[in-house]
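> my questions concern the predicted model and sequence given below.
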Amino acid sequence: MKRSRQGFTLIEVLLATMILASGLVALLTCLSTCIEMISASKKVHEVQYVFDLAELEYPIKDDIKDVEEEVPVDIDSDLVEGYTFERTVDEKIDNPDIEDDGLWTVRSRVSWNYGKQFEEIVQYIRIPK
């Protein structure tokens, strides 16, 4: 008498379960990486938006007479909630051996998370004498 084989053996079930589990782990890993990238991309766009708003609110004009008075911006947290904008001008070192070339360093900074994270743009402005 011939016995017909019905169902799966225990080894076949375990093997199928392991293949399915490894596929799910790979899928969840890719999904979490994708979510991190989306979050980072959203943050980059929000920071760029704050920089753009600040540039509209506090433009750097072409006819600057006094860089230390006209360009700096105190901390402004009213542009977008949760973000602050600040613009500083680096002080020049008064060295009699170096000729004044009229070059100024302007740092624009957007910070969030109570100042723990920030993005900064550095620009150079030359004011001819």
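Yep, that arrived.

> where does this protein have low pLDDT?
1-4, 91-98, 100, 129 (pLDDT under 70).

> show me where it has strands.
73-76, 83-89, 103-112, 117-126 (DSSP state E).

> among the ones you listed, which comes closest to residue 20?
strand 117-126 (39.5 Å; CB to CB). (C-beta placed from N, C-alpha, C; glycine too.)

> so which residue is dead centre in this structure?
residue 44 (4.3 Å; CA atoms, centre = their mean).

> hmm, back to that, residue 31: which of the strands of the chain is closest?
With CB to CB as the yardstick, what comes closest out of those is strand 117-126 (24.5 Å).

> grab the nearest non-local neighbour of residue 118.
Once flanking residues are discounted, residue 118 sits nearest to residue 111: 3.8 Å by CB to CB, 6 or more residues apart in numbering.

> for residue 44, see how far away that neighbour is.
Per CB to CB, to the nearest Å, residue 111 is found 14 Å from residue 44.
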